[in-house]
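J.: Coordinates only, no sequence provided:
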């Protein structure tokens, strides 16, 4: 095997002959290669009606499945290849697993992502014809930068990902900043890899629909998010990048676990951010004992006490939800009912899709358009 | 499963209960978590004598192996967990596969990398005490930037990765540039992910052992590398970044397949680069028919014709090899013998380790120290 690995590394001619060769030789299933298929692989494939088809060589396996939320049993052919084709899938990014004799793993034929607290696969289903909001287009492109720093909160080296907008390099301007957090089981890579945040921002900025901004993505896996954000991250960002430092030029948003972190950080530090985005999230309605969650009452008391300050100070207090099928739907609904009772103003946006990346891309697209602009009428 | 994925994404409390929970509950094998183990996983682990141990839950599998070049059969315990411990491994990064009933996949418990033309796993074995050349240390850190661009050569959107040195942001200086290429079956991510190139440069620059430089890493998977490099990449880099544009401020290097691309590009465009680095590579001594390779004779003729120009113009013509066990050893040896016959001067460096990333990290470390400095005595 060492010899096989090494030869494969060295011989460009041998690349085509590596693991995926069987896929090339037999007639491929219908459709086009997925945008996330690795270079040498013809699978996964996407049909014109947005079904995904998979093929994997596993002559010794007893059972092979694809898990896309729904599990699909694969069928073995005489060559020891297993195939399946899914139902039509919604546009955008979906996590999936390959399951070999009961072991869920990433599909080696498709790009891997850190999600679901493990290395998992992703598949990208095309958006409808003409919807290029989430695709690279011929517009000026910003950069996503990987920045290492020593976190005093974590006591270790960490990375942040920083989007700088087109023309950042050439200009002398200072920019507003959006701090943007991933969900549980993901990390600082989530928004730029699964979320395509740079493409969303590039496209919005090119159309003049969003203000050019810097976007900072932290590793939110920490016991003290506020410390990581306020003590380690923001000072470093403001020292390193040409960013504005007033609260009207700072936004904080996050999805799921990152949404709760956003809520907690913004309510306890309303002086820090004027724009708040909470995607597919809400405070836990129930505590660990199944009873109403007493931890939240302190937050609701804070909202009540500072109601006018928050209503005037938050230029956007923005919530989105992936429809009733979003697992955070009930918690969010219960929380926003409390907001209504207290008299806290907010904006609510709902789009179908559940607790998934297509919903979060759409949320970022909508939220980013509202940032760092005068207060709009619907607020 | 959808419910499980989604709940896992949402519930931070549930993360510990996900796939790896069994690892936490049972007594772990000896050693420390690998630096590349995903957050929730206690495996792989590295013992103090640099053995790697693995554990995976696979109650339905018939046979589970770890393939690190050498294959290790894993042993099943009563809980359906499979474990194994390897021989001591050399320091640095090693690719490996998990094999479940004959299917080689990436280990979901460890970071995945694009290598061997597929998604594969990597393990990082600690360097000897005191050797911090390849570890993040408390020095100023540069950035690695992901830049999207439309490649006219490929007719598609591509990405380049660009390292900018510490203080690039604050200064007005222009910097020399190293163009640095990955090997076959890898891509533009290889040098910053498997290779830790930013850490190597950060550490060298902090000690004053390397000149601050920009490093550009292209996707070398193309039928026309010269076109991608000279038509698409270099003009974009020189327009976008504060870099020097004279040949004495430009270097080109690559490993394995990238080494051949480096040789071909530099010999045909000696006006473009003064520093050439070829790691674990050499022109193919034999063609596809097994006979002496006629394609190379044109290159040797070029070297002969421009011998003096090359000898004076290349401030470094630098070759490295991972010892006799490097699969490129013979090809390189045959090629350098021809260089000797023609009278082409070069520098040769050899370190044990074979055709592997530890050798290429060491090669970059040595080569980067020589760049953009006056010609040294050993040349």
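T.: Here it is on my side, so go on. Note that the coordinates shown come from a computational prediction; the quantities given were computed from them, not determined experimentally.
J.: Quick check: which ranges of chain A have low pLDDT?
T.: Across chain A, the ranges flagged by pLDDT under 70 are A:1-27, A:374-379.
J.: Contacts only, for the nearest residue to residue A:282 once chain neighbours are set aside.
T.: Closest residue in space to residue A:282, ignoring its immediate chain neighbours: residue A:332 at 3.4 Å, by CB to CB, 6 or more residues apart in numbering or on different chains. C-beta coordinates here come from the backbone N, C-alpha and C atoms, glycine included. Residues in contact with residue A:332 (CB atoms under 8 Å, 6 or more residues apart in numbering or on different chains) are A:278, A:280-282, A:319, A:321, A:326.
J.: Same check on residue A:159?
T.: Contacts of residue A:159 by CB under 8 Å, 6+ apart are A:146-149, A:188, A:219.
J.: Name the SS class of it, please.
T.: Classification of residue A:159 using DSSP: H, G, I helix; E, B strand; the rest coil returns strand.
J.: what packs against the helix or strand containing residue A:234?
T.: Per DSSP states H and E: residue A:234 is located in helix A:234-240. Judged by 3 or more CB pairs under 8 Å, 6 or more residues apart in numbering or on different chains; DSSP states H and E, helix A:234-240 is in contact with strand A:143-151, strand A:156-164.
J.: That helix: what's the following helix or strand?
T.: strand A:250-255.
J.: partners of that next one in the sheet?
T.: Partners of strand A:250-255 in the sheet, by DSSP bridges, are strand A:177-181 (parallel), strand A:275-279 (parallel).
J.: looking at it, residue A:30 is touching residue A:53, isn't it?
T.: Yes: with contact defined as CB atoms under 8 Å, residue A:30 counts as touching residue A:53 (7.2 Å).
J.: between those two, what contacts are shared?
T.: Contacts common to residue A:30 and residue A:53, judged by CB under 8 Å, 6+ apart, are A:45, A:47.
J.: Show me which of the two is the more surrounded one.
T.: Neighbours per residue (other CB atoms under 10 Å in any protein chain shown) separate residue A:30 from residue A:53, with residue A:53 holding more: 20 against 13.
J.: ok, that one to residue B:102 distance?
T.: 22 Å (CB to CB, to the nearest Å).
J.: now do residue A:254
T.: 42 Å.
J.: and what of residue A:45?
T.: 23 Å.
J.: Neighbour count for the two, which is higher?
T.: residue A:45 (21 against 17).
J.: how about the nearest residue to the more buried one, chain neighbours excluded?
T.: residue A:31 (3.9 Å).
J.: same deal with residue A:284?
T.: Here the residue nearest residue A:284, using CB to CB, 6+ apart, is residue A:293, at 5.0 Å.
J.: you'd agree the one you found is up against residue A:287?
T.: Yes: between residue A:293 and residue A:287 there is a contact under CB under 8 Å: 4.0 Å.
J.: Compare those two and say which is more crowded by neighbours.
T.: Remark: of residue A:293 and residue A:287, residue A:293 carries more neighbours, 17 against 12, as counted by other CB under 10 Å.
J.: Now for that one: which residues touch it?
T.: So residue A:293 contacts A:283-287 (CB under 8 Å, 6+ apart).
J.: Over to residue A:371?
T.: A:176, A:178, A:210-211, A:213, A:251, A:275, A:316.
J.: Let me have the helices and strands packed on helix A:234-240 in a markdown table, extended by distance to residue A:236.
T.: Formatted as a markdown table, the helices and strands packed on helix A:234-240 follow (distance: least, CB to CB, whole Å):
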| stretch | distance to residue A:236 |
| --- | --- |
| strand A:143-151 | 6 |
| strand A:156-164 | 8 |
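J.: For the contacts of residue A:159, which single residue is the most surrounded?
T.: residue A:188 (24 neighbours).
J.: Doesn't residue A:88 lie inside a strand?
T.: No: per three-state DSSP, residue A:88 lies outside any strand segment and is coil.
J.: what sits against the nearest residue to it once chain neighbours are set aside?
T.: Nearest in space to residue A:88, with sequence neighbours left out and distances taken as CB to CB, 6+ apart, is residue A:50 at 4.6 Å. Contacts for residue A:50 (CB under 8 Å, 6+ apart) come out as A:88-91, A:125-126.
J.: And those, which is closest to residue A:116?
T.: residue A:89 (17.5 Å; CB to CB).
J.: Give the burial count for the residue nearest to that closest one when sequence neighbours are not counted, as a bare number.
T.: Spatial nearest neighbour of residue A:89, excluding adjacent residues (CB to CB, 6+ apart): residue A:125 at 4.8 Å. With neighbours defined by other CB under 10 Å, the count for residue A:125 comes to 18.
J.: For chain B, see how far away residue A:125 is.
T.: 16 Å (CB to the nearest CB, to the nearest Å).
J.: Residue A:148 now?
T.: For residue A:148, the distance to chain B - CB to the nearest CB - is 5 Å.
J.: Identify the residue nearest that residue in space, chain neighbours excluded?
T.: Nearest one to residue A:148, counting by CB to CB, 6+ apart, is residue B:141 at 4.7 Å.
J.: So the one you found versus residue B:316, what's the distance?
T.: Taking CB to CB, one finds residue B:141 at 26 Å from residue B:316.
J.: For these two, indicate the residue with more neighbours.
T.: Each of residue B:141 and residue B:316 has its neighbours counted (other CB under 10 Å); residue B:141 has more, 24 against 21.
J.: which phi and psi does that one have?
T.: phi -110, psi 140 (degrees, to the nearest 10).
J.: Could you list the domains of chain A?
T.: Annotated domains of chain A cover A:27-125, A:143-370 [automatic domain parsing].
J.: now for these, which one comes closest to residue B:192?
T.: domain A:143-370 (7.5 Å).
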